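S.K.: fold the following for me, if possible:
(one chain, ligands or ions: 1)
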Amino acid sequence: MTPKNFDISQRWAAIVNPVAGSGRGLTDWPQISGLLRDEGIAVDAMFTLHKYHATELAVAAVRQGYRRIIVVGGDGTIHETVNGFFIQQECPTTDILMAVIAVGTGNDWIRMFGIPRNYVDAIRSIREGHAFLQDVGKVSYYESKVHQSRYLANVAGFGYDAAVCRGFNRLKEKGCRGKWIYLFSVFREALRYRTRRVRVEVDGEEVFDGKLFTGTVGICKYTAGGLTQTPNAIADDGLFDLTVIPAMNRVRLFSRFRVVYTGNIYDIPRVSLFRGGSIRVHAERPVRLEIDGEILGYSDFEFRIVERAVRVVVSEKFIRDRA
Ligand SMILES: Nc1ncnc2c1ncn2[C@@H]1O[C@H](COP(=O)(O)OP(=O)(O)OP(=O)(O)O)[C@@H](O)[C@H]1O
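M.R.: This next block holds a predicted model:
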């Protein structure tokens, strides 16, 4: 048994996204709240009413004195909640503990930390009481020509990656469901995405200057329901993993698509991994950005690591495997 490092007895605020997982947040909440009660985890529920509401609810919860927050949602709700931790002014972000019960579509963040999808096991893993300080990234970008910034908790992508994410999110918003919509977006964008000339610096050193197909920046490993574009990322090493895929023959590239399921993306010739605590991306013509699966804006971008800034509940297995 690994030692526990928090006790669950304090009251938790639950930020519940009713539309996550195409409505699973709402339909499954009675079951989840019953299971939490059975396990002796006391929660007060707050439901998101619109996009970005999880950020407001996280700020309000901390202001009301909660230091334990359970996200009942998908990766987008985790992203918005974590951003709320950086907006609130009541306490250091590391005073807040975030647990996740995944009801989303992709649920990629939980894969990194070995948190089960099954509600009974996920709640049991909260009871096990293991916390971990993960890095996040502060990302600056442009939206409607205005400089903006956001915090990244999982994985971000620019270029083709963001185009796929945009197509995928639009299909989800139209009510389309199923794995096929992601694959459909992957192949549709593969046919129509136009590469751009991009310059990338890592820790002040130029690592790429040329036509870019796609770039992925990972604190964690998983995107799009279990694909690994940054398969070696370590969530508390103070470094981003950056995968760069330059413009190349798309038939040859997509014939190797399986590697993103097996963790072997760097087996593809000319696909490179860079590591660093700061990344700058300058593009000749605007390149789109997605952060944690949310489409946000355009280049130029800057990513800065914020080391061990968010305290999250992880599985016992995750702690054991790292030891
Ligand atoms: N009441 C609401 N009405 C409409 N949209 C909402 C509401 N509450 C939250 N949202 C938005 O729902 C979107 C989807 O949420 P989330 O990402 O958590 O679920 P998902 O897309 O099913 O899962 P994943 O991101 O893991 O694939 C987020 O962009 C969030 O801003």
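S.K.: who in the protein is up against the ligand?
M.R.: The chain has residues 17-21, 48-53, 73-77, 80, 104-107, 293-294 near the ligand, with proximity defined as C-beta under 6 Å from any ligand atom. C-beta: built from backbone N, CA, C; applies to glycine.
S.K.: what about burial for these, which qualify?
M.R.: 17-21, 48, 53, 73-77, 80, 104-107, 293-294 (16 or more other C-beta atoms under 10 Å).
S.K.: just the ones in helices from these, please.
M.R.: 20-21, 53, 75-77, 80 (DSSP state H).
S.K.: in CSV: the residues you listed, plus pLDDT and distance to Asn264.
M.R.: Below are these laid out as CSV (pLDDT from 0 to 100; distance: C-beta to C-beta, whole Å):
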residue, pLDDT, distance to Asn264
Ala20, 95, 31
Gly21, 92, 29
His53, 98, 39
Asp75, 96, 23
Gly76, 96, 28
Thr77, 98, 31
Glu80, 98, 32
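S.K.: for the residue in the stretch 151-300 of the chain positioned nearest to the ligand, what are its contacts?
M.R.: Distances between the stretch 151-300 of the chain and the ligand by C-beta to the nearest ligand atom are smallest at Gly293, namely 4.7 Å. Gly293 makes contact with 74-76, 79, 106, 108, 154, 165, 169, 223 under the criterion C-beta atoms under 8 Å, 6 or more residues apart in numbering.
S.K.: the residues you listed: which two are farthest apart?
M.R.: Pairwise distances across the contacts of Gly293 peak at 15.2 Å for Asn154 and Asn169 (criterion: C-beta to C-beta).
S.K.: more neighbours: which of the two?
M.R.: Using other C-beta atoms under 10 Å, the more surrounded residue of Asn154 and Asn169 is Asn154, with 29 against 17.
S.K.: was I right to think that one contacts Cys220?
M.R.: Yes - taking contacts as C-beta atoms under 8 Å, Asn154 lies within contact range of Cys220: 4.8 Å.
S.K.: what is in contact with those two at once?
M.R.: 108-109, 112.
S.K.: what is the nearest of these to the ligand?
M.R.: Asp108 (6.3 Å).
S.K.: burial count for the closest one?
M.R.: Using other C-beta under 10 Å: Asp108 sits among 25 other residues.
S.K.: wait, isn't it in contact with Asp75?
M.R.: Yes - between Asp108 and Asp75 there is a contact under C-beta under 8 Å: 5.5 Å.
S.K.: can you give me the strands in the stretch 151-300 of the chain?
M.R.: 155-159, 196-202, 205-218, 222-223, 227-228, 240-246, 272-276, 278-283, 288-291, 294-314 (DSSP state E, counting those that start in this stretch).
S.K.: how about the contacts made by Asp300?
M.R.: Counting by C-beta under 8 Å, 6+ apart, Asp300 has contacts 141-142, 280-283.
S.K.: from His79, how far out is the residue of the stretch 151-300 of the chain closest to the ligand?
M.R.: Relative to His79, Gly293 is positioned 7 Å away (C-beta to C-beta, to the nearest Å).
S.K.: ok, Gly263 next?
M.R.: For Gly263 relative to His79 (C-beta to C-beta), the value is 23 Å.
S.K.: Gly238 now?
M.R.: 21 Å.
S.K.: more neighbours: which of those two?
M.R.: His79 (25 against 13).
S.K.: double-check that one against Asn154; I have them as touching.
M.R.: Yes - using C-beta under 8 Å, His79 makes contact with Asn154 at a distance of 7.3 Å.
S.K.: need the overlap of contacts for these two.
M.R.: With C-beta under 8 Å, 6+ apart, His79 and Asn154 have common neighbours 292-293.
S.K.: avg pLDDT for stretch 214-230?
M.R.: Average pLDDT, stretch 214-230: 96.
S.K.: what about that stretch, how long is it end to end?
M.R.: End-to-end distance of stretch 214-230: 12 Å, with C-alpha to C-alpha, to the nearest Å as the criterion.
S.K.: next, the buried residues of it.
M.R.: 214-224, 227-230.
S.K.: leaving out the residues flanking it, which one is nearest to Arg24?
M.R.: Distance criterion C-beta to C-beta, 6 or more residues apart in numbering; nearest residue to Arg24, sequence neighbours excluded, is Val103 at 4.4 Å.
S.K.: contacting residues for the one you found?
M.R.: 17, 20-21, 24-25, 28, 32, 72-74.
S.K.: quick one, helices of the stretch 101-250 of the chain?
M.R.: 108-112, 119-128, 160-173, 180-192, 250-254 (DSSP state H, counting those that start in this stretch).
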